[in-house]
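[1] Starting from these lines, generate the structure:
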Amino acid sequence: MPIIKSAKKQMRQNIKRRAHNAPIISELKTTYKKALLLAKEGKIEELKKFMPFAYKIIDTSCKKQLLHKNNASRKKSKIAQALNALERKGGKVEAKAETPVA
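    Numbering: from 1, shown residues only. Purely as a prediction, here's the structure:
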């Protein structure tokens, strides 16, 4: 527990910010995984309908500074690449999992 007054205030702010940001981050992760799952299962039409929603969630997270703009671009690009690969092959495609950078 912090002792200094400013550290106590910072802790209160962090708790509030975490509570505010957690549902947005959770929705982002769920949406991104669902988009990649649709691609993996080969559901082209559903993915096409879902893409604008996924892009909206990603852009909103970026706008609220929960996601870096390059990270947002990479996520949107990965979804688009999966869709393009599906359209080329007309079937299932393997969506590679992103490797976390340490």
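[2] Show me what the top helix by length along the chain is packed up against.
    Taking DSSP state H as the assignment, the helix of the chain that covers the most residues is helix 5-41. With contacts defined as 3 or more CB pairs under 8 Å, 6 or more residues apart in numbering; DSSP states H and E, the packing partners of helix 5-41 are helix 44-63, helix 69-89. For every residue, glycine as well, the C-beta is placed using N, CA and C.
[3] burial measure for the residue nearest to residue 61 when sequence neighbours are not counted, as a count.
    Distances taken as CB to CB, 6 or more residues apart in numbering put residue 67 closest to residue 61, at 4.3 Å, once the chain neighbours are dropped. Residue 67 is flanked by 21 other residues according to other CB atoms under 10 Å.
[4] list the contacts for residue 67?
    With CB atoms under 8 Å, 6 or more residues apart in numbering as the criterion, the residues that contact residue 67 are 28, 58, 61, 75.
[5] roughly how far apart are the most centrally placed residue in the chain and residue 88?
    Relative to the mean C-alpha position of the chain, the nearest C-alpha, by CA atoms, centre = their mean, is the one of residue 28, at 4.0 Å. Summarising the geometry, the distance separating residue 28 from residue 88, computed by CB to CB, to the nearest Å, is 28 Å.
[6] if we can go back for a sec, now render the helices and strands packed on helix 5-41 as a markdown table, adding mean pLDDT.
    Converted to a markdown table, the helices and strands packed on helix 5-41 look like this (pLDDT from 0 to 100):
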| stretch | mean pLDDT |
| --- | --- |
| helix 44-63 | 95 |
| helix 69-89 | 94 |
